[in-house]
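*Asks:* Turn this into a structure:
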Amino acid sequence: MKNTLGKYMALGGTLMVSYHGLKYWMRRHDEANPRSAWMDHLYATVIMGTVGSAFVFNRPTPIFVSAFFSGMLIAPLSWWFSLQGYNGKN
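*Replies:* This next block holds a predicted model:
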């Protein structure tokens, strides 16, 4: 357990920090931002999925499939799960 726990903790921490960093970078001047929070969430999720798969795969097809999967399945589901704590208010 000692050999594997740190790896997965680091992976989860990296995902969380990169998501919040991307969201901050896209929302840092929110008064001039024409995009909705949903679009920023979608962009951040697709960027993270694409870059993460580029580290794992060395062919373009799985990287494209990962970007598509992130945009079509992971982003809407994670957005919906995040709204469940707010009772539909964002």
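*Asks:* residues in contact with Phe69?
*Replies:* Gly49 (CB atoms under 8 Å, 6 or more residues apart in numbering). Using the backbone N, CA and C atoms, a C-beta is placed for each residue, glycine as well.
*Asks:* Where does it fall, secondary structure wise?
*Replies:* helix 60-69 (DSSP states H and E).
*Asks:* buried stuff in that helix?
*Replies:* 63, 66-67 (16 or more other CB atoms under 10 Å).
*Asks:* quick one: it to chain centroid distance?
*Replies:* Relative to its chain's centre, helix 60-69 lies at 14 Å (CA atoms, centre = their mean, to the nearest Å).
*Asks:* now stretch 53-63
*Replies:* On CA atoms, centre = their mean, the centre of stretch 53-63 falls 17 Å from that of its chain.
*Asks:* Ok, stretch 72-89 next?
*Replies:* 12 Å.
*Asks:* what about that stretch, average pLDDT?
*Replies:* Stretch 72-89 carries an average pLDDT of 79.
*Asks:* same check, this time on stretch 22-40
*Replies:* Computed over stretch 22-40, the average pLDDT equals 83.
*Asks:* So what touches that stretch?
*Replies:* Counting by CB under 8 Å, 6+ apart, 41, 43-44, 47-48, 79, 90 sit against stretch 22-40.
*Asks:* still on that earlier bit, can you list the buried residues of helix 60-69 in CSV and add pLDDT?
*Replies:* Converted to CSV, those look like this (pLDDT from 0 to 100):
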residue, pLDDT
Ile63, 92
Ser66, 93
Ala67, 92
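*Asks:* out of these, who's nearest Thr14?
*Replies:* Ser66 (16.5 Å; CB to CB).
*Asks:* Run through the residues that contact that closest one.
*Replies:* So Ser66 contacts 49-50, 52-53, 57 (CB under 8 Å, 6+ apart).
*Asks:* So which bits of stretch 19-37 are buried?
*Replies:* 19, 22, 26.
*Asks:* Tell me the one among the residues you listed nearest to Ala10.
*Replies:* Among those, and counting by CB to CB, the member closest to Ala10 is Tyr19, at 14.9 Å.
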